[in-house]
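Visitor: From the sequence below, what's the structure:
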Amino acid sequence: MTPKVSVLMTAYNRAPYIGSSIESVLAQTYGEFELIIVDDCSTDGTLDIARQYERLDARTRVVVNERNLGDYGNRNHAASFVRTPLFKYHDSDDLMYPHCLQVMVSMMEAEPRAGFGLSVGAAWSGGPCPMLLAPRMAYQREFFGEGLFQSGPAGAIFRTDMFRQLGGFVDEGAASDHLFWMRACTMVNVLLLPADLFWYRMHPSQEFQSARAQRQYAKMAGWIWQELQSPACPLTPAEREQAKRNRAYHLAKRTMQDIRRGRWRFATERLRHSTLTFTDWLRYLRPPRRNHLAGTPVGPDGDFLTPSWVAVQDEAAPKQ
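Guide: Coordinates of the predicted model:
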């Protein structure tokens, strides 16, 4: 059977978790997949565990890097092995629920206008999923609603050709996914998928919890401000002004939280990277205006768009 989707598992020193993570992929109700595990020079037995599963299941392939590439460098490297129309990242410490691929693949195949799909741990606000967002709607949801760009790579499924056309991730450390969503959503449609398709495991050795990652996240304030001023930003001029007000308020709030917690260095780094001038603060520091329905697609009658469940069921049905 030729696989339709590749599951990419990038791994570095995840020996306590990778076995159960692999098993959750192999237990999928959707069978037309391959699992590619790319080890980034682990030193704790991660590779030995991955090799055991490679010997047990022909759908599993293990690749070992010659040198450590880091998180997003390894994600880009892993994507170079994909030969299927779709691929999905799955972190080596997470668990995929058995129906995950069935839901993601069927909905992506039923909606060819989407460049990639996103699922998170909680339901998307607004209308029912799958929910197709054009670039302007994605930015409306991010800046006026309850957010969109906070999703991690493990919640995404990509069209392989689209990912390559976009150039993959720009490697800026822990915040690289946020930067990718910002830029990708100016050019392609995103499909919001149902929630709770996987378990995002939290543990102390995760990179995003490190001091280095926090310094990398501090750069996001500047990236976001630059994107709001970019000609590629899909928002109208009036929407851009409101988005800047919302962002300035958010930045001020986060800075005050850091100061109260004694995180002076992070507060200083975030303000330094924000690129906001004194004039910007005077102009934009205002109470935010948000609506949980922002960016939700509606029909000509003003009512929520309902997905074509027949199309989704047709794609999900087993082929004879």
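
Visitor: Excluding residues flanking it in the chain, which one is nearest S151?
Guide: L118 (4.8 Å; Cβ to Cβ, 6 or more residues apart in numbering). Where you see a C-beta, it was placed from the backbone N, CA and C, and this is true even at glycine.

Visitor: Could you list everything the one you found pairs with in the sheet?
Guide: A156, L192 (DSSP bridges).

Visitor: hang on, it packs against L148?
Guide: Yes: using Cβ atoms under 8 Å, L118 is in contact with L148, at 7.4 Å.

Visitor: before we move on, back to that, for the residue nearest to S151, list the residues it contacts.
Guide: By Cβ atoms under 8 Å, 6 or more residues apart in numbering, the contact set of L118 is 148, 151, 155-156, 190-193.

Visitor: Below-threshold pLDDT in the chain: ranges please.
Guide: 204-210, 309-310, 316-320 (pLDDT under 70).

Visitor: tell me which residues in the lengthiest helix in the chain are buried?
Guide: When the chain is parsed with DSSP state H, its longest helix is helix 237-260. Residues of helix 237-260 classed as buried by neighbour count (16 or more other Cβ atoms under 10 Å): 239-240, 242-249, 251-252, 254-255, 258.

Visitor: Just the closest of the contacts of L118 to Q214, please.
Guide: S151 (19.1 Å; Cβ to Cβ).

Visitor: name the element that closest one belongs to?
Guide: Using DSSP states H and E, S151 sits in no helix or strand.

Visitor: so what's it up against?
Guide: By Cβ under 8 Å, 6+ apart, S151 lies in contact with 118-120, 177, 181.

Visitor: now it: how far from N13?
Guide: Using Cβ to Cβ, to the nearest Å, we find S151 at a distance of 24 Å from N13.

Visitor: What segments of this protein are strands?
Guide: Using DSSP state E, the strands of the chain run over 5-11, 33-39, 60-64, 86-89, 95-96, 114-118, 131-133, 156-159, 189-192, 198-199.

Visitor: can you put those strands in TSV and add distance to W225?
Guide: Formatted as TSV, those follow (distance: least, Cβ to Cβ, whole Å):
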stretch	distance to W225
strand 5-11	30
strand 33-39	34
strand 60-64	38
strand 86-89	28
strand 95-96	36
strand 114-118	23
strand 131-133	22
strand 156-159	24
strand 189-192	22
strand 198-199	32
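
Visitor: Nearest to G73, out of those strands?
Guide: Among the strands of the chain, strand 5-11 comes nearest to G73, with 9.5 Å by Cβ to Cβ.

Visitor: got the CA coordinates for that closest one in PDB?
Guide: Presented in PDB, the C-alpha positions along strand 5-11 are these (Å, rounded to 0.1, in the frame of the first residue of the first chain):
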ATOM      1  CA  VAL A   5       0.700  10.800   4.600                       C
ATOM      2  CA  SER A   6       4.100  10.800   6.300                       C
ATOM      3  CA  VAL A   7       4.400  11.200  10.100                       C
ATOM      4  CA  LEU A   8       7.600  13.000  10.900                       C
ATOM      5  CA  MET A   9       9.000  12.400  14.400                       C
ATOM      6  CA  THR A  10      12.100  14.400  15.200                       C
ATOM      7  CA  ALA A  11      13.900  13.200  18.400                       C
END
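
Visitor: change the start of the numbering to 226 and stick with it
Guide: With the count now opening at 226, the last piece we talked about shows up as strand 230-236.

Visitor: Compute the inter-axis angle for it and strand 285-289.
Guide: For strand 230-236 against strand 285-289, the angle by axes from the mean of the first three to the mean of the last three Cα atoms, to 10 degrees is 40 degrees.

Visitor: Off-centre distance for strand 230-236?
Guide: 14 Å (Cα atoms, centre = their mean, to the nearest Å).
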